[in-house]
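K.L.:
Build me a model:
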Amino acid sequence: MIRILLSRKLGELKMSQADLARMTGIRPNTINELYNEFAERINLQHLDLICEALNCDLSELLIYIPNSIPQVNRTRAGFKKKENP
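P.N.:
Next up, the predicted model:
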């Protein structure tokens with residue numbers, strides 16, 4: 001699962017969603033979706049603008065947490081992925 005840490009970063013900087021929207025030109029609704037982790041897709045240009053505005057690295061905004069139940073169970077060849085013992 002991918003987690004979006006925008007709310008944490010804005011909190012650290014004591015910055016509002018509206019401030020970020022004004023700085024980046026990104027629609028407030030889009031910022032809100034990222035802030036509340038409702039976004040299903042993220043525009044790379046938006047990520048670039050947000051990192052620039054917040055003076056941060058992408059790793060401060062997005063993290064990967066492995067799923068407790070694997071979502072991928074087949075390879076391209078159609079064989080089940082072997083689990084490590």
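K.L.:
Doesn't residue 63 belong to a strand?
P.N.:
Yes - the assignment for residue 63 (DSSP: H, G, I helix; E, B strand; the rest coil) places it in a strand.
K.L.:
residues contacting it?
P.N.:
By CB atoms under 8 Å, 6 or more residues apart in numbering, residue 63 lies in contact with 2, 3, 5. To be clear about C-beta, it is placed using only N, CA and C from the backbone, and glycine gets the same treatment.
K.L.:
give me phi/psi at the nearest residue to the last one once chain neighbours are set aside?
P.N.:
It stands for residue 5. Spatial nearest neighbour of residue 5, excluding adjacent residues (CB to CB, 6 or more residues apart in numbering): residue 61 at 5.5 Å. Residue 61 adopts backbone torsions of phi -110, psi -30, taken as degrees, to the nearest 10.
K.L.:
ok, residue 61 touching residue 47?
P.N.:
Yes - look at residue 61 against residue 47 with CB atoms under 8 Å: they come within range, at 7.0 Å.
K.L.:
Who has more neighbours out of the two?
P.N.:
Legend: neighbour count by other CB atoms under 10 Å for residue 61 and residue 47, higher for residue 61 (19 against 15).
K.L.:
ok, now how distant is the more buried one from residue 8?
P.N.:
9 Å (CB to CB, to the nearest Å).
K.L.:
for this structure, what spans make up the strands?
P.N.:
Secondary structure of the chain (DSSP state E): strands located at 2-4, 62-64.
K.L.:
Next, the buried residues of the first one.
P.N.:
Of the residues in strand 2-4, those buried under the neighbour-count criterion (16 or more other CB atoms under 10 Å) are residue 4.
K.L.:
what's that strand in contact with?
P.N.:
Residues from elsewhere that reach strand 2-4 (CB under 8 Å, 6+ apart): 34, 35, 37, 39, 42, 61, 62, 63, 64, 65.
K.L.:
Thanks a lot, see you next time.
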